[in-house]
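Peer 1: sequence-free structure coming up:
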């Protein structure tokens, strides 16, 4: 027998209602452990760093005096100093090589009359003459310097009074305690002595006083300085 349409609609509605009232599917329990980010972060520790070492000061100038040479920083601080009568020239040679930033050109000179054998070390016009003789003050320094430039490797070179190659003889005269014209080389040269250092002893010629000095040579009294040498003696041949 055919059921009325109204009965079919009611039956369909009841089926949908019962389906919607069914209990939802059970969810799996949350069994995950807490992550590290959910826990309190441990305080970070940093190792104490050593203070950075100050960079070594660079040489800005080299000065020559009657007693020795000094290497100076830009602020005038003395970085190193050496005496002509020191027992060993090696420390001075090493320091000058570092200051000028280059190895010297070395020339050996054999002994001649009144002059011992020597090694001449040249840093672009700054020469250190390392004598092969027994050092004895005041007659025989271990080495002496001869300068033919106002600077080498970006490093200025002068006497402690500021006298340098290229300065006029007139300017040098204000710093000298003695000057004269030398014609021994066939041409006139103006000679100046700086920084008189009297020494004891019997010497020839018998100057009063016998002294060591810084010697400056100019092309003429009104010309420019060509060479500075130290130490020099006012006695002997």
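Peer 2: Looks like it came in fine. What you are looking at is a predicted structure, and each value in this text was computed from that prediction instead of being measured.

Peer 1: When you work out contacts or count neighbours from here on, use the C-alpha atoms and nothing else.
Peer 2: Fine.

Peer 1: Show me how far the strand or helix carrying residue 196 is from its chain's centre.
Peer 2: In this assignment (DSSP states H and E), residue 196 forms part of strand 189-198. With CA atoms, centre = their mean, to the nearest Å as the basis, strand 189-198 stands 30 Å off its chain's centre.

Peer 1: who does that strand pair up with?
Peer 2: Strand 189-198 pairs in its sheet with strand 178-182 (antiparallel), strand 211-218 (antiparallel), by DSSP bridges.

Peer 1: Run through who's touching that strand.
Peer 2: By CA atoms under 8 Å, 6 or more residues apart in numbering, the surrounding residues in contact with strand 189-198 are 65-66, 169, 172-173, 175-183, 209-221.

Peer 1: re the thing from before, Throw the strands paired with strand 189-198 into TSV and include mean neighbour count and mean pLDDT, thanks.
Peer 2: What follows is those, written out as TSV (neighbours: other CA atoms under 10 Å; pLDDT from 0 to 100):
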stretch	mean neighbour count	mean pLDDT
strand 178-182	14	94
strand 211-218	24	97
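
Peer 1: I'd like to know which of the ones you listed is closest to residue 74.
Peer 2: For residue 74, the closest of the strands paired with strand 189-198 is strand 211-218, at 23.8 Å, according to CA to CA.

Peer 1: so after that closest one, what's the next helix or strand?
Peer 2: Following strand 211-218 toward the C-terminus (DSSP H and E): strand 225-233.

Peer 1: In three-state terms, label the spatially most central residue of the chain for me.
Peer 2: By CA atoms, centre = their mean, the chain has its centre lying nearest to residue 58, at 2.6 Å. Following DSSP: H, G, I helix; E, B strand; the rest coil, residue 58 is assigned to coil.
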